[in-house]
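Colleague: Got a predicted structure here, sequence first:
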Amino acid sequence: MAITQEDVLKALSYVEEPDLGKDLVTLNMIEDVQINGQDVAFTVILTTPACPLKDLIRNACIRAIHTMVDKDANVTVHMTSRVTSARQDNLTLLKGVKNIIAVASGKGGVGKSTLTANLAVALAQSGAKVGLVDADISGPSVPTMFGVEDARPAVYRMPDGRNLIEPIEKYGIKLMSIGFLAPAESAVVWRGPMASSALKQFITEVDWGELDYLLIDLPPGTSDIHLTLVQTVPVTGAIILTTPQKVAVADAVKGLQMFRQPQINVPILGLVENMAYFTPAELPENKYYIFGQGGGRDLAERYGVPFIGEVPLVQSIRESGDQGAPQILQEGTAASLAFEKVAQEVARQVSVRNASLGKTKVVEIKA
Ligand SMILES: Nc1ncnc2c1ncn2[C@@H]1O[C@H](COP(=O)(O)OP(=O)(O)OP(=O)(O)O)[C@@H](O)[C@H]1O
């Protein structure tokens with residue numbers, strides 16, 4: 001019996017996307033089914049190019065065709081991706097940006113900018129379009145971490161009189177930081193309303209174009225900047241970063257609770273533990289839990305949020321940050337693999353969030 005398109009789709013309707021809990025046909029993830037005798041080809045549209053389940057889904061598709069359609073079929077599965085979004089269609093601000101992800105920590109110096117930089121590069125390397133806002137207005141580190149301290153963005157005057165700022169591009173990522181607009185020393189005094197208006201400017205006056213993920217590197221703690229962000233744009237979700245020490249974990253709880261306040265209610269995509277253990281470059285299998293063990297994982301469990309992963313304390317992470325070339329660019333190292341896994345898990349949690357929760361919204365806080 002000749003194989004038909006219906007046979008193929010029927011078989012694929014038994015293949016479930018494990019994270020999203022629905023089958024590939026219902027999720028509109030199958031396109032371009034081609035049949036030629038016993039040759040069957042189709043495309044699976046994943047919800048992110050950084051999908052960690054790529055191989056699992058491909059194998060499940062092949063198995064379904066062999067079991068339910070023809071055990072001798074030559075099956076070709078093309079994999080591509082279309083990042084999902086939970087944006088409301090009527091929002092004009094950042095119209096081309098599918099997902100806005102806030103990266104926050106309770107405590108300072110836990111590695112938020114390091115994580116955001118590596119996350120951005122990892123997502124871009126997987127094929128996603130990525131932007132990064134350095135919202136740490138009084139302590140910008142993105143220019144250093146990307147080696148673009150001297151970059152100055154072009155500013156265009158639009159016919160309606162508005163300014164449009166061209167973001168700086170490095171490693172395929174669009175970047176904006178106060179460090180590109182003001183001398184580093186002067187930014188230190190930018191606090192409160194000035195810092196908030198700088199962040200607003202980064203959102204309203206920068207030409208972000210089309211992006212799958214816009215990462216926001218927030219200042220430590222809970223500040224006006226956090227409120228400005230959630231009141232200006234619809235935030236897809238927040239990542240909370242901590243280190244294992246009790247003091248950092250206690251502060252991470254405050255960060256987490258801020259996003260969870262009923263009037264803010266931004267989903268927590270998950271928790272990342274940085275500096276989880278020290279590992280020397282020459283003995284990568286040795287792990288020393290110098291700051292204690294399991295603090296981040298326990299916290300995630302206690303608050304019912306996904307544990308995204310852990311990043312070791314490695315000298316080269318610090319060095320690469322200082323040299324303006326994030327660690328992830330050194331392929332194959334234990335530290336790069338850790339960041340890669342974190343990036344895949346973040347992308348996965350964004351897809352899950354978009355499939356399972358309501359539309360993103362701009363927060364209105366009533367005094
Ligand atoms: N896993 C790591 N291993 C080694 N060094 C790290 C690691 N993570 C961060 N660092 C280093 O720790 C320092 C602080 O990191 P970073 O600037 O990313 O922290 P932050 O949380 O963004 O700080 P701030 O609170 O000032 O915004 C940097 O020198 C960075 O290179």
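Modeller: Perfect, thanks for sending it.

Colleague: Pull up the distance across stretch 154-165, start to finish.
Modeller: Taking C-alpha to C-alpha, to the nearest Å as the measure, stretch 154-165 stretches 6 Å from start to finish.

Colleague: what does that stretch contact?
Modeller: Residues external to stretch 154-165 that are found in contact with it (C-beta atoms under 8 Å, 6 or more residues apart in numbering): 153, 166, 176, 201, 205-207. Every C-beta, even on glycine, is put in place using the N, C-alpha and C of the backbone.

Colleague: from these, which two are the most distant?
Modeller: 166 and 201 (13.6 Å; C-beta to C-beta).

Colleague: tell me the SS of residue 276?
Modeller: When classified by DSSP: H, G, I helix; E, B strand; the rest coil, residue 276 comes out as strand.

Colleague: How about residue 11?
Modeller: Per three-state DSSP, residue 11 ends up helix.

Colleague: lowest confidence element among the helices and strands of the chain?
Modeller: For the chain, using mean pLDDT, DSSP states H and E, the weakest element among its helices and strands is helix 184-187, scoring a mean of 61.

Colleague: in the next helix or strand after that one, what counts as buried?
Modeller: Tracing the chain past helix 184-187, the next element assigned as helix or strand by DSSP states H and E is helix 192-204. The neighbour-count check on helix 192-204 (16 or more other C-beta atoms under 10 Å) flags 195-196, 198-200, 202-203 as buried.

Colleague: Now do the helices in the chain.
Modeller: Ranges of helices in the chain, per DSSP state H, are 5-12, 54-68, 112-125, 142-145, 184-187, 192-204, 224-232, 246-260, 295-303, 315-323, 334-356.

Colleague: Just give the number of residues close to the residue lying closest to residue 219 once chain neighbours are set aside.
Modeller: Spatial nearest neighbour of residue 219, chain neighbours left out: residue 136 (4.4 Å); criterion: C-beta to C-beta, 6 or more residues apart in numbering. Residue 136: 26 surrounding residues under other C-beta atoms under 10 Å.

Colleague: show me the contacts for the closest residue to residue 86 other than its chain neighbours.
Modeller: Residue nearest to residue 86 in three dimensions, not counting chain neighbours: residue 354, with 4.4 Å by C-beta to C-beta, 6+ apart. Applying C-beta under 8 Å, 6+ apart, we find residue 354 in contact with 47, 84-86, 99, 236.

Colleague: again with residue 205
Modeller: Contacts of residue 205 (C-beta under 8 Å, 6+ apart): 162-165.

Colleague: repeat that with 6 Å
Modeller: 163, 165 (C-beta atoms under 6 Å, 6 or more residues apart in numbering).

Colleague: ok, now how distant is it from residue 263?
Modeller: 27 Å (C-beta to C-beta, to the nearest Å).

Colleague: Surely residue 101 and residue 215 touch.
Modeller: Yes. Assessed by C-beta atoms under 6 Å, residue 101 is found in contact with residue 215 at 5.2 Å.

Colleague: what's the overlap in contacts for these two?
Modeller: If you check residue 101 and residue 215 against C-beta under 6 Å, 6+ apart, no residue is contacted by both.

Colleague: interface residues of the stretch 1-150 of the chain facing the ligand?
Modeller: Within reach of the ligand by C-beta under 6 Å from any ligand atom, the stretch 1-150 of the chain has these residues: 105, 108-114, 136, 139, 141.

Colleague: Apply 8 Å and report the result again.
Modeller: Contact residues (C-beta under 8 Å from any ligand atom) of the stretch 1-150 of the chain with the ligand: 105, 107-117, 136, 139, 141, 145.

Colleague: Just name the closest of those residues to residue 335, please.
Modeller: Closest approach between these and residue 335, by C-beta to C-beta: residue 114, at 10.3 Å.

Colleague: Can you give me the distance of the residue lying closest to the closest one once chain neighbours are set aside to residue 111?
Modeller: Nearest residue to residue 114 in three dimensions, chain neighbours excluded: residue 321, at 5.3 Å (C-beta to C-beta, 6+ apart). Distance, residue 321 to residue 111, using C-beta to C-beta: 9 Å.

Colleague: Now for the nearest residue to residue 41 once chain neighbours are set aside, how many residues are close by?
Modeller: Nearest residue to residue 41, sequence neighbours excluded (C-beta to C-beta, 6+ apart): residue 76, at 4.1 Å. Look at residue 76: counted by other C-beta under 10 Å, it has 12 neighbours.

Colleague: pLDDT score for residue 76?
Modeller: pLDDT, residue 76: 95.

Colleague: That one contacts residue 43, doesn't it?
Modeller: No. Residue 76 is beyond contact range of residue 43, at 9.6 Å (criterion: C-beta under 6 Å).

Colleague: Where does the stretch 151-300 of the chain get nearest to the ligand, residue-wise?
Modeller: residue 220 (4.0 Å; C-beta to the nearest ligand atom).
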